[in-house]
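Asks: Have a look at this fold, sequence not included:
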């Protein structure tokens, strides 16, 4: 138990569906991250939020839309995804985005796009 | 080439030591991390080392850092079947809090 909880753990969606992934952290952190882990690539950083403000968008397609309503919650809204978007989506958090703060990961949400 | 590289696979017998190697390219990296991912699970932070250290030991885990060669290793003593997992090396650059991960080394522990 890392203190970072992701739901759902597994999601299957069609290409025309709209769904959301949720992440909640109970660590009192102020920075939250979305990473993507696909079968044939290293872990890729997608988005970074620090104190609810987006500070990094790593050229992510607009069919992925993050939302950070407060420092404890992070969402990833999914719309008209492609089969190649099937992957493990990992949420993480740290105290803030200053270098030196350890990043803790959740268990991930397995997404399959059919 | 990739920023962080690891070998793909390591097979080891239960009770032996495992050594997982990692190379990175950015000499300004401040922290280097080892994460463990068990099947179907997320990433678990195992240990990390600050770039001005050469070695860090934590129970069965020993991290060695050769900053000159940009080489990081993780040694697991008395490897157990529960150590079977994918191990990721990651570096954090001097600016910001972004991690760059290697591709992961799959460790298989045989009884």
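Replies: Thanks, I have it. Quantities reported herein were computed from a predicted structural model and do not represent experimental measurements.

Asks: pull the helix or strand with minimum mean pLDDT from chain B.
Replies: strand B:99-101 (a mean of 89; mean pLDDT, DSSP states H and E).

Asks: Give me the contacts around that one.
Replies: Applying Cβ atoms under 8 Å, 6 or more residues apart in numbering or on different chains, the contact partners of strand B:99-101 are A:42-43, A:45, A:103, B:3-4, B:24, B:26, B:33, B:35, B:88-93. Yep, even glycine has a C-beta here, placed from its N, CA and C like the rest.

Asks: Which two among these are spaced furthest apart?
Replies: B:26 and B:35 (18.0 Å; Cβ to Cβ).

Asks: who has more neighbours, the two?
Replies: Set residue B:26 next to residue B:35 and count neighbours by other Cβ atoms under 10 Å in any protein chain shown: residue B:35 wins out with 24 against 14.

Asks: give the contact list for the more buried one.
Replies: By Cβ under 8 Å, 6+ apart, the neighbours of residue B:35 are A:105, B:43, B:44, B:45, B:46, B:87, B:88, B:90, B:101.

Asks: sec struct for the third one, please.
Replies: I take that to be residue B:44. strand (DSSP: H, G, I helix; E, B strand; the rest coil).

Asks: Check whether it really touches residue B:37, as I assumed.
Replies: Yes: the pair residue B:44 and residue B:37 passes the contact test of Cβ atoms under 8 Å, sitting 7.1 Å apart.
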